[in-house]
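1. here are the coordinates; sequence isn't available:
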């Protein structure tokens, strides 16, 4: 890694390897607690081995080659990508097969997909959810002369993309079978709408119901001789139930790698899989002048550094006793102090756990990676954009 | 502009100068309606000349050298910057003096400010809100041997930064006077909390009350012989009242250049200054399969392309009769179709006006600049980050 040469990682590169990096860092800055990240990756990998299910982590959460390589080293089958930019970064990171989980629509993006497939044949997997998508990908694969693996997408109750009925699944399978350069690899069945269902029992019931419907579809297709090796689905909020369902060959968890306040709340009572908060935004106190009158001080991290999704950012370490965070415009936040708490000094450092990790990451260009108080690496957010 | 050489602007560069660019564009993509942008810049500049007040547009909204140059060409005195990254980009854009509107806190950022001041002496203006800030900037200016212009900051009722009392203003002025390399240029008085007060009459009353308090402070300081040439404040939501108050020498409007759904709502009944929506996100329909069952289609622009602030994104052109937008996860949106409306085709293009312009801009790397249907330029978001 040549941090200083990359403008994305240059700003704080001078603190690399220094024990005072945590205090000196220019803020706001997106940071990783490397011990927690490594724990999350290893913890899920060990659980998946025990549960007999594969892992295909979703890189939409981190968009980072270095993190995908850690996931691969822990045994991931490959990765999921939500965007072409993510897929382009991941095929060069050598992290196994890359499943593009959203349909690619529009001539310009299909051209990019074609170029990527031609450059790295055999590494990409794409989803198809309509006969039009099958025709487009068949033409793309034929033009490169290289077979392209595809998964039939079912809507899984979310209805964001994916086909609706068993008959449509059968028609898509037949259309793929008629396309010489397309290879049917399996089915994608992602229920994004169930990941944050608050009640664990209700979440489990809904996942098992969706999986049961899928099991019937798969049995009918297989009875007609359709080979479906991969069944890909599930996410951080539904790992246990998706494994219990026994129908998925691989799980697409993304957020587990970082965690956030949303998933802390969702998974709080569902502790068989306990992940640690690994992502935070480093902030600094910029004004203490109205602390006496208003019980708060001003921080240099606002809506351009932290996603505003509920439940919003939280102070990292020490819990509610340290106080709470509130947005204070686009560039600033308020640290609301508990009654009687000492007022932090102008310039004091504080860390904030985002309310929602994915939309916080895309606000930043790089991760500042800490082990203890030492800044050990700066990793670019490689796959910003689309 | 060498669009193809810059990775931020490369993705859609092949559509430059083509009349089918609007349809072909890879989506989601941040776009500017250049005619609307030029109208907004010229409209505010003409109004300010008539009102006898100066303009110092805030570049935190756009973070773009090309747009700042258009504002400067229309008569802006200079620009405001919220971050060091913005100030660094603006001093090389040659757009007049650059006022850093937030205090710079922390040794590392003070070093960057020192380097910037040394490289471009006379071009920066900084705010001071505490004796500590005066001492830090005095040391910085002394070390460069070049005078640095400063503005005393008063909290203006927002209390995000800035001093509290008239006595504190006097003490700051005296501390600046004792610092050989600091030059007192004036006062900053920015009431960010009043920009979005919904009722125009109430907004005006609150601005005039804040301005009256400031007028008393300025009179007292001037009676003690303190020279205060610049009085900087106001924003897009408070232009009329701030000009009426007669105390500000320059207004810091930022969002007027783009407008957004928030300001459309705030300024809707306050029509002496009518700005046009100039910023939008180009999106594409990626799934229509559940349109019959659910009355909506899926778009490829979600929370990673559009700020989620209320009132949320709106369909551009045609108003509510075209339907409405709802978020559908991080990478997708829903286009909710009016009853009986025809279902758009898979691949159809649609444009979305953001709910809040500033936090939408920072999600993107470049602006796609359209005049009519032609893509005439791609401008990088130069000052992403901090």
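-> Thanks, I have the structure now. Keep in mind that this is a model prediction, so the values were computed, not measured. Residues are numbered from 1 along each chain as shown, chains lettered A, B, ... in the order given.
2. What pLDDT does the model give residue A:1?
-> If you check residue A:1, the pLDDT there is 40.
3. Oh, that last question was meant for residue A:105, not what I typed.
-> 97.
4. residues in contact with it?
-> Neighbouring residues of residue A:105 by CB atoms under 8 Å, 6 or more residues apart in numbering or on different chains: B:284, B:285, B:286, B:300, B:346, B:347. (Glycine included, C-beta is placed from N, CA and C.)
5. now swap in residue A:316 and tell me
-> Residue A:316 touches A:277, A:280, A:350, A:351, A:352, A:353, counting by CB under 8 Å, 6+ apart.
6. Equivalent analysis for residue A:129, please.
-> For residue A:129, the contacting residues are A:103, A:152, A:153, A:155, A:161, A:162, A:163, A:172, B:287, B:289, by CB under 8 Å, 6+ apart.
7. Ok, residue A:27 next?
-> Residue A:27 touches A:282, A:283, A:284, A:300, A:301, A:349, B:106, B:386, counting by CB under 8 Å, 6+ apart.
8. Does residue A:307 touch residue A:353 like I think?
-> No: counting by CB atoms under 8 Å, residue A:307 does not reach residue A:353; the two are 11.2 Å apart.
9. so who does the spatially most central residue of chain A touch?
-> By CA atoms, centre = their mean, chain A has its centre lying nearest to residue A:61, at 2.3 Å. Counting by CB under 8 Å, 6+ apart, residue A:61 makes contact with A:254, A:255, A:257, A:258, A:357, A:358, A:361.
10. any idea which helix or strand carries the closest residue to the third one other than its chain neighbours?
-> Going back to what we said before, that points to residue A:257. Leaving aside its sequence neighbours, residue A:257 sits nearest to residue A:40 (CB to CB, 6 or more residues apart in numbering or on different chains; 5.4 Å). Residue A:40 belongs to helix A:34-51 when assigned by DSSP states H and E.
11. And that helix, how far out from the chain middle?
-> 15 Å (CA atoms, centre = their mean, to the nearest Å).
12. next one: stretch A:82-93
-> 13 Å.
13. Now do that stretch, average pLDDT.
-> Per-residue scores along stretch A:82-93 average to 97.
14. Identify the residues contacting that stretch?
-> Residues from elsewhere that reach stretch A:82-93, judged by CB under 8 Å, 6+ apart: A:58-60, A:63, A:65, A:68-69, A:79, A:81, A:98, A:100-102, A:104, A:109, A:112-113, A:116, A:119-120, A:123-124, A:382-386, B:330-331.
15. what's around residue A:110, how many residues?
-> Each residue near residue A:110 was counted by other CB atoms under 10 Å in any protein chain shown, and the total is 17.
16. could you list every residue that touches it?
-> Shown in contact with residue A:110 (CB under 8 Å, 6+ apart): A:104, A:136, A:140.
17. what's the first one in contact with, if anything?
-> What that stands for is residue A:104. Here residue A:104 is in contact with A:84, A:110, A:113, A:126, A:136 (criterion: CB under 8 Å, 6+ apart).
18. Can you give the domain ranges for chain A?
-> A:3-32+A:275-380, A:34-267 (automatic domain parsing).
19. can you redo these as TSV with distance to residue B:16?
-> Shown next, in TSV, are those (distance: least, CB to CB, whole Å):
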stretch	distance to residue B:16
domain A:3-32+A:275-380	24
domain A:34-267	13
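20. Secondary structure, neighbour count and distance to residue B:89 for the contacts of residue A:129 - can I get that in JSON lines?
-> Shown next, in JSON lines, are the contacts of residue A:129 (DSSP: H, G, I helix; E, B strand; the rest coil; neighbours: other CB atoms under 10 Å in any protein chain shown; distance: CB to CB, whole Å):
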{"residue": "A:103", "secondary structure": "coil", "neighbour count": "24", "distance to residue B:89": "37"}
{"residue": "A:152", "secondary structure": "strand", "neighbour count": "28", "distance to residue B:89": "48"}
{"residue": "A:153", "secondary structure": "strand", "neighbour count": "27", "distance to residue B:89": "43"}
{"residue": "A:155", "secondary structure": "coil", "neighbour count": "22", "distance to residue B:89": "45"}
{"residue": "A:161", "secondary structure": "coil", "neighbour count": "26", "distance to residue B:89": "39"}
{"residue": "A:162", "secondary structure": "coil", "neighbour count": "27", "distance to residue B:89": "43"}
{"residue": "A:163", "secondary structure": "strand", "neighbour count": "23", "distance to residue B:89": "47"}
{"residue": "A:172", "secondary structure": "helix", "neighbour count": "26", "distance to residue B:89": "49"}
{"residue": "B:287", "secondary structure": "strand", "neighbour count": "27", "distance to residue B:89": "39"}
{"residue": "B:289", "secondary structure": "coil", "neighbour count": "21", "distance to residue B:89": "44"}
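21. Turn those residues into a markdown table, columns for distance to residue A:51.
-> Listed next are the contacts of residue A:129 as a markdown table, based on distance: CB to CB, whole Å:
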| residue | distance to residue A:51 |
| --- | --- |
| A:103 | 30 |
| A:152 | 24 |
| A:153 | 24 |
| A:155 | 25 |
| A:161 | 28 |
| A:162 | 25 |
| A:163 | 28 |
| A:172 | 29 |
| B:287 | 32 |
| B:289 | 32 |
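22. min pLDDT across those residues, which one?
-> Among the contacts of residue A:129, residue B:289 carries the weakest pLDDT, at 90.
23. So it sits against residue A:164, correct?
-> Yes: here residue B:289 reaches residue A:164: they are 5.9 Å apart, a contact under CB under 8 Å.
24. Common neighbours of these two, please.
-> residue A:155.
25. Kindly provide the distance from residue A:98 to residue A:83.
-> Taking CB to CB, to the nearest Å as the measure, residue A:98 and residue A:83 are separated by 11 Å.
26. Below-threshold pLDDT in the stretch 201-350 of chain A: ranges please.
-> Of all residues in the stretch 201-350 of chain A, those with pLDDT under 70 make up the ranges A:269-272.
27. Point out the residues in the stretch 1-150 of chain A that sit beside chain B.
-> Contacts of the stretch 1-150 of chain A with chain B, taken as CB under 8 Å from any CB of the partner chain, map to A:11-12, A:15, A:24-29, A:60, A:82-83, A:102-103, A:105-109, A:112, A:129-130, A:132.
28. Tell me the one of the contacts of residue A:110 nearest chain B?
-> Comparing the contacts of residue A:110 against chain B with CB to the nearest CB places residue A:104 closest, at 8.7 Å.
29. Validate this expectation: the closest one resides in a helix.
-> No: applying DSSP: H, G, I helix; E, B strand; the rest coil, one finds residue A:104 to be coil, outside a helix.
30. which residues in chain A form helices?
-> Counting by DSSP state H, residue ranges of the helices within chain A are A:21-24, A:34-51, A:65-73, A:84-93, A:107-119, A:131-144, A:166-177, A:200-223, A:239-245, A:261-267, A:291-294, A:357-361.
31. Just say which of those is most tucked in.
-> Of these, the one with the most neighbours on average (mean count of other CB atoms under 10 Å in any protein chain shown) is helix A:357-361, at a mean of 24.
32. which parts of stretch A:185-192 are buried?
-> A:185, A:186, A:187, A:188, A:189, A:190, A:191, A:192 (16 or more other CB atoms under 10 Å in any protein chain shown).
33. I'd like the distance between the third one and residue A:91.
-> This means residue A:187. Residue A:187 sits 23 Å away from residue A:91 when distances are taken as CB to CB.
34. ditto for residue A:186
-> Distance from residue A:186 to residue A:91, by CB to CB: 20 Å.
35. so who does the residue nearest to residue A:72 when sequence neighbours are not counted touch?
-> Distances taken as CB to CB, 6+ apart place residue A:95 nearest to residue A:72, at 4.2 Å, with adjacent residues excluded. Residues near residue A:95 by CB under 8 Å, 6+ apart: A:65, A:68, A:69, A:71, A:72, A:76, A:78, A:79.
36. give me the number of residues near residue A:121?
-> Around residue A:121 there are 14 residues (other CB under 10 Å).
37. unless I'm mixing things up, it is touching residue A:146, no?
-> Yes: counting by CB under 8 Å, residue A:146 is a contact partner of residue A:121 at 3.7 Å.
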